[in-house]
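J.: Here is the input, now give the coordinates:
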Amino acid sequence: MPSLPGAKERSLFGQVVKCYENKQYKKGLKAADQILRKHPDHGDTQAMKALLINSQGNTEEAFTLAKLALKNDMKSHICWHVYGLLYRSVKNFEESIKAYRFALKLEPSSAQIQRDLALLQMQMRDYQGYIQSRRAILQARSGIRQNWTALAIAQHLAGQLVDAERTLSAWEDTIKSPPPKSDIEHSEAVLYKNTIIAEMGETERALDHLDAVSKGNLDRTAVMEMRGQYLLKLGRNEEAAKTYRTLLDRNAEYRAYYDGLVTALGLQNTDLDALKNLYAEYAKKNPRGDAARRVPLDFLEGDDFREAADTYLRHMLNKGVPSTFANIKSLYTNTTKRDTIQDLVEGYAASIDNSHANGSAEKQPDLPDGEKPAGGEAVQSKGKQVNGSASHFASSVRYFLVQHYNYHLSRDLGKAMNLIDDAISSNPGSVDLYMTKARIWKHYGNTKKASETMEKARSVDDRDRYINTKAAKYQLRNDENEAALKTMSKFTRNEAVGGALGDLHDMQCVWFIMEDGESHLRQGKFGTALKRFHAINDLFEIWQEDQFDFHSFSLRKGQIRAYVDMIRWEDHLREHPFFTRAAINAAKIYVLLHDKPSLSQANLSNGVNGDLDKLDKAERKKAQRKAKKDQEKKEQEEAEKKDAKKTAGNVGADGEIKKEDKDPTGQKLLQTTDPLGDAMKFVTPLLEYSPKSLEAQLASFEVFIRRRKYLLALRCLLAAHSLDPSSPTLHEQTLRLRHALNSLPSPLPAAVSSIIDSEFPPLLPADTNLTQRNDTFLTEHKQSAPHVHAALRARWALTSDEDKAKVWGGVQEELMKTLELDEGGCRLEDAIRGAEMLRRWDAKDEVVADYKARAAQRWPEATAFE
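T.: Numbering: from 1, shown residues only. Predicted coordinates for the structure are as follows:
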């Protein structure tokens, strides 16, 4: 680097660097400009100015200036370092690493460049490169514990467990005096070393090491948990039992401790007496606890279950615990237990009704001495009347039965609605009761009444964030997007850039963005829907990037085990259901845009865009021109409104510049020229991180078959078959793929054809009569609406365009018949999908109306058929 000739310029350059570190960008630019006026070709100053400009949001200008700086001084490590920082800011980590490495060649002793390179290698999971960088940092500064720990972490994550242990041991050997007991970093490092030994499979040595270091360790709970696990693996059950009993004395509500104790005692589910005595012992020790009473319900059967369930339910209902049903609903997968619980609680209700009819108060079940039920006086001894608790017990029983009849495994919505109305009339100020009634309306399919009822619940306590979010969610389910945003605005920073919606994005409120996107998808507003799903994808990108700061932060704080857990969690981040939902929905929209390009006009508000395909060519062009003009006018009005507000600028609460969203309705996303290519941006991570999701495989197939990637489409079918061979959609897609292969205008490449010929026949032989196979499938599954729908979609796909009119009558008839199936054969969701199929096939309005009218007769409350 050519040095600046004057002391003043060198001082100014130091000021530029300091201003950048302190985020004083304007002041730093002034200082840089002062230098460049005298030395216009000084590469280091140009590079630092580029860094300052980039921090202000002018990325393109920053890159241009950085390249000029490199041209002026190719051998400056500062220029290359800055170039790497710029690439890092635009998430081009590969190029950033290249620039860092070049900078290191020029300045091998630079600790800052070496550290930046190491952090980026960790972010990219380049463990071998990270090991090299960390070893270089360690050699430069071997007296700092963090550097030894970081190298051990790199070796551990790279699978070099022996080296990782050796590194940690080497640091311990350099310690001349024992660290103080309050040294959290040492305590964490010792336990981290122990976990590495355990991962090596040397359980005996891990236990010995744990015993040696446990005395002064600060995380006593983790030590005991690890000790219990090691003892179980080694078969030292008596010692393990003592350890788990100690843990239960510390926390008697953690189920894993009970499981460990049961395993240590060698008890099986058939050892009922021993198990009952064990849990009774801890129930007696913890009279106010729940786990010791609840866990036995999982393994008890028959009369033993009935007795234990009766005791548990009476105990919980008398206390008025609202979550009682949530605690036991997992038992409903066992129909015998479900019926027993129903019989018990209905018995309580009948007993209460009889006592009311006789004008007496029901004697309530006993509570432990001294325990005070809600609304009653403390119980002094068993057998005494609980004064004032009869009405409380009655309301708890009624609320339990409401939830019981509303649950999908024991559903009777009529009974649930009658009970909830009675409960609300007795207690009109209860938020929980209105919320439950809203859920009942939801299961009826009446999203309008569900939304209204949940809003009523919100109004009962308008300072409760939870009920506020529930009300907004139900409004979105009813496609009341503006009302939902207004509801959420009660707890958002509405002065933020973008208003309430902007703050919800800043706060990464994924559930709202997801529900809002799905609402717009249902309304056919595909542009806004895509906008939301892309926003969710961006949030996952942010979460992926957010780990960057923790690569150094966790080392400084010494939280090593938590850091390693976080790294492993981040590696599976996109397995999260929210990402899967967003990716599948986005892929479906792009498939629709590929099939019907006219849908790209669906967000334009001229009232006819949904029917563009039904217009002739001249009318379609005229309608599109008018729609475009209306949209431009609308956008201009919105822009004028924004200008009129004179906001304080696009600076968020964190001080960062927030770019104005120039496409709030997603028009640019909607008017893509390569919808299938854009769909791949979602499909690729979807298949990589959620390969065991059936819906992900089926959605990806739709993209691949349209891209004529038949081998990838077959791979999706094979994966779907391994997950659920009875899937009705799998049948449809298998027939469509075979039909596509049979209809190819030219043969596939020999290598591809060979793989398909060997892998596809187990699913569907090449010589199969597809129409006959589909008809047989329809006959065998005529009592299941999803299977009938799949067969009809397959028939439609197998029929040529000129013959579709011939089969339309039969398709329509079969679809109507599904509405006559029983509840097990055709659910409300299936009927809604049937209506969507008719719309997708461009059925006449009277046909859709007839279908909805028949469906409405069966589901009169459902708003989907209005």
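
J.: Which helix or strand in this structure has the lowest average pLDDT?
T.: helix 617-645 (a mean of 61; mean pLDDT, DSSP states H and E).

J.: What residues sit buried inside the helix or strand just after that one?
T.: Once the chain leaves helix 617-645, the next helix or strand it forms, by DSSP states H and E, is helix 667-670. The neighbour-count criterion (16 or more other C-beta atoms under 10 Å) identifies 667, 669-670 as the buried residues of helix 667-670. In short, each C-beta sits where N, CA and C put it, glycine included.

J.: With stretch 799-817 instead?
T.: 799, 811-812, 814-815.

J.: now stretch 782-795
T.: Buried, per 16+ other C-beta under 10 Å, within stretch 782-795: 782, 784-795.

J.: Show me what it is in contact with.
T.: Stretch 782-795 has contacts (C-beta atoms under 8 Å, 6 or more residues apart in numbering) with 728-729, 731-732, 735-736, 770-771, 774-775, 777-778, 781, 807, 811, 814-815, 817-818, 821-822, 825-827, 830-831, 833-834, 837.

J.: Sitting in helices, which of these do you find?
T.: Taking DSSP state H, the ones among the contacts of stretch 782-795 that sit in helices are 728-729, 731-732, 735-736, 770-771, 774-775, 777-778, 807, 811, 814-815, 817, 830-831, 833-834, 837.

J.: List only buried entries from these.
T.: Buried among the ones in helices among the contacts of stretch 782-795 by 16+ other C-beta under 10 Å: 728-729, 731-732, 735-736, 770, 774, 777-778, 811, 814-815, 830-831, 834, 837.

J.: still on that earlier bit, reformat the buried residues of stretch 799-817 into JSON lines and put distance to residue 194 and pLDDT next to each item.
T.: Listed next are the buried residues of stretch 799-817 as JSON lines, based on distance: C-beta to C-beta, whole Å; pLDDT from 0 to 100:
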{"residue": "799", "distance to residue 194": "66", "pLDDT": "94"}
{"residue": "811", "distance to residue 194": "65", "pLDDT": "92"}
{"residue": "812", "distance to residue 194": "68", "pLDDT": "92"}
{"residue": "814", "distance to residue 194": "64", "pLDDT": "93"}
{"residue": "815", "distance to residue 194": "63", "pLDDT": "94"}
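
J.: Format those as a markdown table; extra columns: distance to residue 678.
T.: Output for the buried residues of stretch 799-817, formatted as a markdown table (distance: C-beta to C-beta, whole Å):
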| residue | distance to residue 678 |
| --- | --- |
| 799 | 30 |
| 811 | 31 |
| 812 | 34 |
| 814 | 35 |
| 815 | 32 |
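
J.: Go through whichever strand or helix holds residue 350 and flag the buried ones.
T.: Using DSSP H and E, residue 350 maps to helix 335-357. Within helix 335-357, the residues that count as buried by 16+ other C-beta under 10 Å are 337-338, 340-341, 344-345, 348-349, 352.

J.: ditto for stretch 233-253
T.: 239-241, 243-245, 247-248, 252.

J.: re earlier: right, and out of the buried residues of helix 667-670, which lies closest to residue 441?
T.: residue 670 (33.3 Å; C-beta to C-beta).

J.: how close does the closest one sit to residue 678?
T.: Distance, residue 670 to residue 678, using C-beta to C-beta, to the nearest Å: 10 Å.

J.: What number of residues are in the vicinity of the closest residue to residue 548 other than its chain neighbours?
T.: Distance criterion C-beta to C-beta, 6 or more residues apart in numbering; nearest residue to residue 548, sequence neighbours excluded, is residue 123 at 5.4 Å. By the criterion of other C-beta atoms under 10 Å, residue 123 has 20 neighbours.

J.: Any chance you could list what contacts the helix or strand hosting residue 531?
T.: If you go by DSSP H and E, residue 531 is part of helix 526-546. Residues outside helix 526-546 that contact it (C-beta under 8 Å, 6+ apart): 91, 123, 505, 508, 510, 513-514, 516-518, 520-521, 570, 573-574, 576, 578-579, 582-583, 585-586, 589, 592-593, 599-600, 602-603, 663-667, 669-670, 681-682.

J.: Can you turn the buried part of those into a PyMOL selection?
T.: Listed next is the PyMOL selection for buried residues among the contacts of helix 526-546, using 16+ other C-beta under 10 Å:
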select buried, resi 123+505+508+510+513+514+516+517+518+520+521+570+574+576+579+582+583+585+586+589+592+593+599+600+602+603+665+666+667+669+670+682
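
J.: what stretches of this structure score poorly on pLDDT?
T.: 1-5, 356-390, 602-660 (pLDDT under 70).

J.: Quick check: residue 689 vs residue 574, distance?
T.: For residue 689 relative to residue 574 (C-beta to C-beta), the value is 4 Å.

J.: How about residue 402?
T.: 38 Å.

J.: Is residue 101 located within a helix, as I assumed?
T.: Yes. Under DSSP: H, G, I helix; E, B strand; the rest coil, residue 101 falls within a helix.

J.: residues contacting the residue nearest to residue 103 when sequence neighbours are not counted?
T.: Distances taken as C-beta to C-beta, 6+ apart place residue 80 nearest to residue 103, at 3.7 Å, with adjacent residues excluded. By C-beta under 8 Å, 6+ apart, the contact set of residue 80 is 70, 99-100, 102-103, 106.

J.: so residue 80, which of the three states?
T.: With three-state DSSP as the criterion, residue 80 was assigned helix.

J.: who are the neighbours in contact with residue 838?
T.: Residues near residue 838 by C-beta under 8 Å, 6+ apart: 815, 847-848, 851.

J.: Can you turn the buried part of those residues into a ChimeraX selection?
T.: One line in ChimeraX is enough to select the buried ones among these; burial here means 16+ other C-beta under 10 Å:
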select :815,851
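
J.: now for the contacts of residue 838, which pair is the farthest apart?
T.: Counting by C-beta to C-beta, the most remote pair of the contacts of residue 838 is 815 and 848, 10.8 Å apart.

J.: Can you show me the helices along the stretch 201-350 of the chain?
T.: For the stretch 201-350 of the chain, the helices defined by DSSP state H, counting those that start in this stretch occupy 203-213, 220-234, 237-250, 255-265, 272-285, 291-294, 296-299, 302-319, 324-328, 335-357.

J.: Which of the contacts of residue 838 sits closest to residue 325?
T.: residue 851 (36.6 Å).

J.: Quick check: that closest one touching residue 834?
T.: Yes. With contact defined as C-beta atoms under 8 Å, residue 851 reaches residue 834; the gap is 6.6 Å.

J.: Mutual contacts of the two, please.
T.: 815, 819.

J.: Let me know the next secondary structure element after whichever helix or strand residue 396 is part of.
T.: Using DSSP H and E, residue 396 sits within helix 390-406. Downstream of helix 390-406, the next assigned helix or strand under DSSP H and E is helix 413-426.

J.: Identify the residues contacting that next one?
T.: Outside helix 413-426, the residues touching it (C-beta under 8 Å, 6+ apart) are 395, 398-399, 401-402, 405-406, 430, 433-434, 436-437, 440, 443-444.

J.: For the very next helix or strand once past that helix, name the packing helices and strands.
T.: Per DSSP H and E, the first helix or strand lying C-terminal to helix 413-426 is helix 431-444. If you count contacts as 3 or more C-beta pairs under 8 Å, 6 or more residues apart in numbering; DSSP states H and E, helix 431-444 packs onto helix 390-406, helix 413-426, helix 447-460, helix 465-477.

J.: mind redoing it with 6 Å?
T.: helix 413-426, helix 447-460 (3 or more C-beta pairs under 6 Å, 6 or more residues apart in numbering; DSSP states H and E).

J.: Can you give me the buried ones in the first one?
T.: Judged by neighbour count (16+ other C-beta under 10 Å), helix 413-426 contains these buried residues: 416-417, 419-420, 423-424.

J.: Brilliant, that's me finished.
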